[in-house]
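>>> missing the sequence, but the structure's below:
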Ligand code: SAH
Ligand code: SF4
């Protein structure tokens, strides 16, 4: 819901300020999907708002649940222009829910292994289109009567957050505002492919929000080959940005490393990764997540499970915290890198 528009609308129509509060409570905090559910406001106002102030800036085209019930993917059609985006609700542990949200339609960064990258960038999402994905999941959990806590939001859907930073930053303010969504800063995570100016501004402006870096390659030669962002911001520029972050915030940074068979999973690659991570310094604040490649029908193959384990043991021998991340939602094409708005 576009909160600024709602406030303007109510003021222009001469409603008292407490009405705005009642509506925000009903829609944002309580997850009411229609104005008729907000019983504290008069029927006439319910009807007026239903006509003039849409609660969601998109239509829900479909919702799919993975076979294990741990991931739900929604396909949404934006009211403005008709583009499709996707958002995923994940249960990392029983009774806990986390929303993975998109910030752009497509993405301009062009990573070779990512389905979103294949689309190119269609447009940025507005602040309202970003926060409303969370609103949609609140409504969904309420309607389906699914119990549990919903405390975490990850900016790991479609798009590169630091290429739409103004709107993403505004969405973080709204999601953490105590009078609005009221998520804690620590419950939010932003993931970037390594857009250096964005990392620096993030370090200055969002000190409590978690940061994840999609590193994936520890040599400039390979990283440039599969991630064009590396031509603008190479590994040494990225290192410097991470050092800047760590000098300002003593918070853990998550380093994501996708495992591609025969491409970045050899013992030599492990050694390079260990070396790179050590060169950043503050090793106790860096945590590597190994993720097996999720197929998007390109010419890549996920590394064998044994290879991933061996890779992990190289990191552990060097005392670098490293976990193997379990993929959820791949049977509904809702796993990392598989979101393509179809
Ligand atoms: N654009 C941001 C946010 C997207 S997060 C970023 O790249 O960080 C999505 C995560 O999934 C990123 O770490 C991305 O590198 C990873 N990813 C992309 N394609 C993937 C694939 N096919 N299999 C597994 N992970 C993938
Ligand atoms: Fe964009 Fe991230 Fe996909 Fe790269 S991995 S193309 S930055 S969404």
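On my side now, so go ahead. Just so it is clear, the structure is predicted and the values come from calculations on it, not from any experiment. Numbers count the residues shown, from 1 in each chain. Ligands and ions are numbered 1, 2, ... in the order given.
>>> interface residues of the stretch 51-200 of the chain facing ligand 2?
Residues of the stretch 51-200 of the chain found near ligand 2 (C-beta under 6 Å from any ligand atom) are 107, 109-111, 114, 116-117, 159-160, 193. All C-beta atoms are positioned from the backbone trio N, CA, C, and that covers glycine.
>>> which one (most neighbours) among those residues?
Using other C-beta atoms under 10 Å as the neighbour test, those are led by residue 159, with 30 neighbours.
>>> need the contact list for that one.
By C-beta atoms under 8 Å, 6 or more residues apart in numbering, the contact list for residue 159 reads 102-107, 116, 121, 124-125.
>>> picking that back up, among the residues of the stretch 51-200 of the chain next to ligand 2, which lie within helices?
Here DSSP state H is the test, and these give 116-117 as lying in helices.
>>> put together TSV for the residues of the stretch 51-200 of the chain next to ligand 2, with distance to residue 342 and pLDDT on each row.
Output for these, formatted as TSV (distance: C-beta to C-beta, whole Å; pLDDT from 0 to 100):
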residue	distance to residue 342	pLDDT
107	15	98
109	19	98
110	19	96
111	18	97
114	14	95
116	11	94
117	14	93
159	16	98
160	20	98
193	22	98
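>>> ok, and which of the residues of the stretch 51-200 of the chain next to ligand 2 reach ligand 1?
111, 114, 160, 193.
>>> give me the residues contacting the longest strand anywhere in the chain.
When the chain is parsed with DSSP state E, its longest strand is strand 84-93. With contacts defined as C-beta under 8 Å, 6+ apart, strand 84-93 is touched by 58, 61, 69-78, 97-102, 105, 125, 129, 133, 136-137, 140-141, 148, 152, 157-158, 328-329, 334, 339-342.
>>> quick one: is the next helix or strand after that strand near ligand 1?
Using DSSP states H and E, the helix or strand that follows strand 84-93 in sequence is strand 96-100. No - Strand 96-100 is not in contact with ligand 1 by C-beta under 6 Å from any ligand atom; minimum separation 8.0 Å.
>>> which parts of strand 96-100 are buried?
The neighbour-count check on strand 96-100 (16 or more other C-beta atoms under 10 Å) flags 97-100 as buried.
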